[in-house]
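Trainee: here is my input, please return the structure:
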Amino acid sequence: MDNLEPGWLWMIGGILLLIAEIIAPGFFLVFIGVAALATGAFTLLFGMPLAFQLILFTIYALVAVMIGRKVYANQAADSSDPLLNDRVARMVGKSVTVIETVDEHSGRVRVGDSEWSARGGPGRPGERVRITGVDGNCLLVEPERQLPPADGV
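Mentor: Residues are numbered from 1 along each chain as shown. A predicted model of the protein is given here:
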């Protein structure tokens, strides 16, 4: 290892970081790995002292992170389901059953196979209410609107 040029050490480090990204994906090590590879290539081409290598690595890492952030932000914005990982926001608009009387201060509703705190309403046990929003871990609900029966039909 004593005979190894610093540029090759940067290249080996960059490849190891890319391998680590494949083994434990987190989309972060790839930026540092690319910066290390670029620094290694530049060092092999121009033979720079260590201080310049570290400065160059820092610049490459910042640029790689900024580019990656921009690309990742564009991909996230183009999602066909922007609420995919926001379970609570996905519940807004759903009709649920009251378990404990719901009023402006408290109550409980059944959502799927779980129970949630709720307020708003009013709603008595067994009635259906619609989720209108969320306040922390408490669902905001209102009575479901029902159409009056049609006359003569």
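Trainee: chain center to the helix or strand bottoming out on mean pLDDT in the chain: distance?
Mentor: Least confident element among the helices and strands of the chain, by mean pLDDT, DSSP states H and E: helix 87-91 (a mean of 76). Distance, stretch centre to chain centre, for helix 87-91: 14 Å (Cα atoms, centre = their mean, to the nearest Å).
Trainee: elements contacting that helix?
Mentor: Applying 3 or more Cβ pairs under 8 Å, 6 or more residues apart in numbering; DSSP states H and E, one finds that helix 87-91 contacts strand 128-135. To be clear about C-beta, it is placed using only N, CA and C from the backbone, and glycine gets the same treatment.
Trainee: show me the contacts for residue 96.
Mentor: Residue 96 makes contacts with 109-111, 116, 118, 128-131, 139, 141, as judged by Cβ atoms under 8 Å, 6 or more residues apart in numbering.
Trainee: will you turn those residues into a markdown table that also has pLDDT, neighbour count and distance to residue 5?
Mentor: Formatted as a markdown table, the contacts of residue 96 follow (pLDDT from 0 to 100; neighbours: other Cβ atoms under 10 Å; distance: Cβ to Cβ, whole Å):
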| residue | pLDDT | neighbour count | distance to residue 5 |
| --- | --- | --- | --- |
| 109 | 94 | 28 | 67 |
| 110 | 94 | 13 | 67 |
| 111 | 90 | 17 | 62 |
| 116 | 92 | 20 | 62 |
| 118 | 94 | 27 | 66 |
| 128 | 92 | 14 | 73 |
| 129 | 94 | 25 | 70 |
| 130 | 93 | 17 | 68 |
| 131 | 92 | 22 | 63 |
| 139 | 92 | 26 | 63 |
| 141 | 94 | 26 | 68 |
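Trainee: adding distance to residue 66, write the residues you listed out as a markdown table.
Mentor: Below are these laid out as a markdown table (distance: Cβ to Cβ, whole Å):
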| residue | distance to residue 66 |
| --- | --- |
| 109 | 45 |
| 110 | 47 |
| 111 | 41 |
| 116 | 40 |
| 118 | 43 |
| 128 | 50 |
| 129 | 47 |
| 130 | 43 |
| 131 | 39 |
| 139 | 39 |
| 141 | 44 |
